[in-house]
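# One predicted model, sequence on top.
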Amino acid sequence: MILTLSSYRRAFSKLSEEQREIVENAVDRLEGSFGVPHLYSGVGIRRFGKFFEARAGLGLRILFTTQGGDIILAIVGNHDRIRAFVKETS
């Protein structure tokens, strides 16, 4: 199951309609590929501190974690925003 934190929902609401579609497509791919390492390359999943990061287009990243088989989306944004979020939560 995909769950979202309020930080993700706030960041997602600030995206343009086009960016939202790109992110939604990436989340759909993420759900089908996480846990299957050879599929990671298409989504660009990598470890980022205590989180995972997935690409959602040219400048957008999705930061997430997992718990009990669920994927918890923490924030979406550019690389700098993702780094700042990780630093804030450390």
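Structure received.
# Nearest the middle, which residue of this protein would you pick?
Central residue check for the chain by C-alpha atoms, centre = their mean: the C-alpha nearest the mean position is that of residue 62, 2.0 Å away.
# That one touches residue 48, doesn't it?
No - using C-beta atoms under 8 Å, residue 62 and residue 48 do not qualify as a contacting pair, with a distance of 10.5 Å. No exception for glycine: its C-beta is placed from N, CA and C like everyone else's.
# Of all the helix elements in the chain, which one is longest?
Longest helix in the chain by number of residues, with DSSP state H as the criterion: helix 17-33.
# just for this structure, where's the confidence low?
When residues are selected by pLDDT under 70, those of the chain lie in 35-43.
# Repeat the analysis, applying 80 as the threshold.
Counting by pLDDT under 80, the low-confidence segments of the chain come to 31-44.
# could you pull out the strands for it?
When assigned using DSSP state E, the strands of the chain occupy the ranges 2-4, 46-48, 51-55, 61-67, 70-77.
# Now distance to residue 11 too, for these, in JSON lines please.
As requested, these are exported to JSON lines (distance: least, C-beta to C-beta, whole Å):
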{"stretch": "strand 2-4", "distance to residue 11": "10"}
{"stretch": "strand 46-48", "distance to residue 11": "16"}
{"stretch": "strand 51-55", "distance to residue 11": "14"}
{"stretch": "strand 61-67", "distance to residue 11": "9"}
{"stretch": "strand 70-77", "distance to residue 11": "5"}
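# and residue 4, how many neighbours does it have?
Residues lying near residue 4 (other C-beta atoms under 10 Å) number 17.
# Who does it form a beta bridge with?
Beta-bridge pairing for residue 4 (DSSP bridges): residue 73.
# Now do the contacts for it.
Applying C-beta atoms under 8 Å, 6 or more residues apart in numbering to residue 4 gives the contacts 12, 72-73.
# Separate out the buried members of those.
Burial by neighbour count, 16 or more other C-beta atoms under 10 Å: within those this picks out 12, 72-73.
# what comes up buried for stretch 75-90?
By neighbour count, and taking 16+ other C-beta under 10 Å as the criterion, the buried residues in stretch 75-90 are 75-77, 82-83, 85-86.
# next one: that stretch to chain centre, how far?
Between the centre of stretch 75-90 and the centre of its chain there are 11 Å (C-alpha atoms, centre = their mean, to the nearest Å).
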